[in-house]
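> After the sequence you'll find the predicted model.
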Amino acid sequence: MTSSLLIEVSAAVADGIAAADPALTGADPLVRPSERADFQSGAALALARRAGRPPGELAARVAAQVRPGVLADVRVSGPGFLELTVAADAVWRRVAGRVARPDLGLPRGEAGRRVVIDYSAPNIAKEMHVGHLRSTIIGDCLARVLARLGADVVRQNHLGDWGTQFGMLIQYLDEQPGAAWRHDELAGESSVSALDRLYRAARARFDADPGFAGRSRARVVALQSGDPATIAVWREIVAESEAAFRQLYDRLDVLLTPADSAGESFYNERLAAVVDELTRAGVAVVSDGAVVVFSAHEVGPDGAPVPLILRKGDGGYGYDTTDLATLRYRVRELHADRILYVVDARQALHFRLVAEAARRAGWLPSGVEVVHVSFGTVLGPDGRPFRTRAGDTVTLGSLLDAAVDRARAVVAEKNPSLDPAAADSIAELTGVGAVKYAELSTSRTKDYSFDVDRMVSFTGNTGGYLQYAYARIAAILRRAEGEPAPVVDPAADLHPAERALGLALDAFGDTLADVAATLEPHRLCTYLYDTARAFTDFYEACPVLTAPEPRRGNRLALCRLTAATLREGLALLGMAAPERM
Ligand code: ARG
C-alpha cells in the first residue's frame with residue numbers, strides 16, 4: 001500500500017507530464033490539496049518555460065495524458081492549473097486498506113535515522129518555569145511523532161545540575177542544619193521549591209556576608225575537586241529535585257525517564273578534551289587569560305565578534321563548553337543523524353555559536369543536521385510575560401491545578417450526571433490535555449498567551465473539543481459493538497461529506513511527515529481539528545447505523561477510521577482519548 005492518495009495522485013500526474021513531454025520526465029508534479037477539487041497541480045505553470053509552451057497548452061496536454069485510475073477527473077483551470085478529482089472507488093479503497101491495519105498504513109519515512117532530542121532540561125534546585133513546560137511538551141510531541149515514523153529517537157534531558165551556585169547552596173545547607181528540603185521532611189511543599197527558596201536565601205547571605213561568601217567559594221572548589229562529603233549532598237539535591245520533576249512528568253504523561261537524564265555534570269570529564277581539541281584545531285584562542293572561540297559571523301552591539309567562553313581565566317568551565325561537549329558526544333558517541341535542541345528563542349545566538357564552532361572544528365559531518373527548535377515566550381492574559389501577581393514566575397503545578405479546576409466546572413456543566421470520581425479523572429485528563437494542546441496548537445515560534453478559560457473550552461480549536469469529538473465517535477461505535485468488522489464496498493457511491501472526510505483521513509501520514517520535516521506540532525493539531533470537523537459535517541449529512549448496506553458498512557468504516565485517527569493523533573500529542581466524557 002502506498003502511503004497516501006496525495007502520493008498516488010502525484011505519481012499519476014508525474015506520469016502524465018512525462019507522457020505529454022518526455023523531456024519533463026522526473027519533474028515535480030506540484031500536487032497540493034485544493035479548494036476547487038480534491039487536489040491541484042501547478043506543474044504546468046512551473047514547467048511552461050522549460051517545455052516551450054504556454055502553461056494553458058501544457059496543462060491541456062498533461063490533462064489528456066493522465067491515465068484514469070486514481071483520478072476520475074482532470075480539468076484545466078485559470079492560467080494553467082490542473083484541478084484533480086479522485087475516483088470514488090479510490091477513496092473507499094484507501095479507507096478499506098487503512099482501517100484494517102493496526103498501523104493505519106502510516107509511512108515509516110524516518111526509519112534508519114537516529115534523532116537526538118534535547119528537551120525539558122530544567123535546573124536542579126530551581127522551580128521549573130513555563131519555558132521548561134513549553135520545551136517539555138513540544139519536545140515530547142516531536143519525540144512521539146518521529147518515533148511513530150520509524151526514527152530511532154534518543155531523548156536527552158540536559159538538566160542544569162552543575163555550577164558554582166551549588167557551592168553556595170551546599171554551604172548554606174551545611175550552616176542551616178534545621179532547614180527542611182528533603183521530601184520526607186516537607187509537608188506539602190515540593191523539594192525543588194524548598195531548595196529554590198533556600199538557594200535564594202543563600203544568595204542573599206552571599207551578597208551580604210563576606211565570611212559566608214568566602215566559605216561558599218571554598219565549597220565550590222570542594223565540589224569541583226570531588227570532595228566526598230560535598231558530592232554526597234550535591235547528589236542528594238539532584239535526586240530530590242529529579243523526583244520532584246518526575247511528579248510533573250508523570251502528571252504531564254511525558255516519555256522522559258531517569259535513563260534519559262544526561263545533565264551538565266555528565267559532560268565534566270569531557271570538557272578538558274573539548275577545549276584541547278578546539279585549541280589544537282586553531283578554532284579556540286587565548287584572550288585575556290580565557291580560552292574562547294570568536295565567531296566568524298556574529299558580532300555584538302560594539303561590532304566585535306561574539307565569543308564562546310570555553311575556559312574562564314580561573315580555569316572554570318561553563319554553559320558554552322558543556323554545549324560543545326553535548327554536540328560532540330551526540331555525533332561521536334550517540335551517532336546522531338539529526339540533533340534537536342528544544343530551547344526557548346532567547347538562546348538562539350548561543351546555539352548558532354555552538355554549531356558554528358563545531359562545524360569549524362570538523363565535528364559535524366555534512367549529513368548531520370543540527371536544529372535549534374526554538375519557541376517564544378509564554379504571556380499572561382495581559383500580554384506581558386506570564387507571572388503571578390507577586391511578580392514571581394508561576395509554578396507549573398499551580399498552573400496545571402488552575403486548568404484542572406476550570407475543566408472540572410466545564411465537565412460538570414456538560415455532563416451533570418457523571419459520578420464524582422469519574423468527573424475528577426476526566427477533569428484531570430482534559431485540564432492537563434488542554435494545557436498541552438494550547439501549547440502545541442500555536443505556531444511554536446510565536447509568543448502565546450496563557451488563557452486558562454480559552455484553553456479548557458470545548459469549542460474551537462482546543463484539546464477539549466478533540467477529546468469530546470473522540471468520545472462522541474466512541475459512543476457511536478459502542479452502538480455497533482459486537483458486530484463483525486464492517487465490509488467496505490468500493491463501488492458504493494460517495495457523498496460529498498464522505499469524500500471530504502475520506503480525503504481528510506487519508507492525509508494523516510502526509511501531515512505527520514510534514515511535522516517531522518518542519519518540527520512544527522501545530523500542523524498536527526490543525527489537521528486533527530479539521531478532521532474532527534469533517535466528521536461532524538459527515539455525521540450531520542450521512543446517517544450511519546440506520547443506513548442500508550452497503551452504505552452502512554462504508555460509513556461505519558469511516559467512523560472507525562476517524563476514531564482510530566483521532567486516538568492516534570491525540571496520543572502523538574501526548575493526550576488521552578477518553579471513551580466517555
Ligand atoms: N537548563 C537550561 C535552561 O534552563 C536549558 C538547557 C537546554 N539544553 C542545552 N543543551 N543547552 O535554560
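Sure thing, it's come through.

> Neighbours of residue 484, how many?
6 (other CB atoms under 10 Å). C-beta here means a position set from N, CA and C on the backbone, and glycine is covered the same way.

> what packs against the longest helix along the chain?
Secondary structure of the chain per DSSP state H: the longest helix is helix 228-252. Where contact means 3 or more CB pairs under 8 Å, 6 or more residues apart in numbering; DSSP states H and E, helix 228-252 is packed against helix 130-148, helix 165-175, helix 191-208, helix 210-224, helix 396-414, helix 420-441.

> mind running it again at 7 Å?
Judged by 3 or more CB pairs under 7 Å, 6 or more residues apart in numbering; DSSP states H and E, helix 228-252 is in contact with helix 165-175, helix 191-208, helix 210-224, helix 396-414.

> Could you pull up the mean pLDDT of the shortest one?
Over the span of helix 165-175, the pLDDT mean works out to 97.

> who in the stretch 51-200 of the chain is up against the ligand?
Counting by CB under 6 Å from any ligand atom, the residues of the stretch 51-200 of the chain lying close to the ligand are 118, 121, 123, 158, 160.

> Which other helices and strands does the host helix or strand of residue 454 contact?
Using DSSP states H and E, residue 454 falls within helix 452-455. Contacts defined by 3+ CB pairs under 7 Å, 6+ apart place helix 452-455 against helix 396-414, helix 420-441.

> Show the contacting residues for residue 81.
By CB atoms under 7 Å, 6 or more residues apart in numbering, the residues touching residue 81 are 40-42, 59.

> 6 Å - rerun?
40, 42 (CB atoms under 6 Å, 6 or more residues apart in numbering).

> what's next to stretch 196-203, contact-wise?
125-127, 168-169, 172, 179.

> what's the burial count for the residue nearest to residue 529 when sequence neighbours are not counted?
Nearest residue to residue 529, sequence neighbours excluded (CB to CB, 6 or more residues apart in numbering): residue 461, at 4.7 Å. The criterion is other CB under 10 Å. On that basis, residue 461 has 19 neighbouring residues.

> so how far is the ligand from the nearest residue to residue 487 once chain neighbours are set aside?
Residue nearest to residue 487 in three dimensions, not counting chain neighbours: residue 553, with 4.9 Å by CB to CB, 6+ apart. With distances taken as CB to the nearest ligand atom, to the nearest Å, residue 553 is found 52 Å from the ligand.

> ok so, going back, what comes up buried for the helix holding residue 454?
Using 16 or more other CB atoms under 10 Å as the test for burial, helix 452-455 gives 452, 455.

> what do you get for stretch 552-572?
With burial defined by 16+ other CB under 10 Å, the residues of stretch 552-572 counted as buried are 552-570, 572.

> related to what we said a few turns ago, need the pLDDT of the residue nearest to residue 487.
97.

> distance of whichever residue of the stretch 1-150 of the chain sits closest to the ligand from residue 94?
The stretch 1-150 of the chain approaches the ligand most closely through residue 121 (3.6 Å), counting by CB to the nearest ligand atom. Note on residue 121: its distance to residue 94, by CB to CB, to the nearest Å, is 41 Å.

> Could you do residue 206 as well?
Residue 206 is 66 Å from residue 94, where distance means CB to CB.

> just residue 421 next, same as before
41 Å.

> How about residue 441, nearest residue that isn't a chain neighbour?
Residue 441 sits nearest to residue 525 (CB to CB, 6+ apart), 3.8 Å away.

> which SS class is that neighbour?
What DSSP: H, G, I helix; E, B strand; the rest coil gives for residue 525 is helix.
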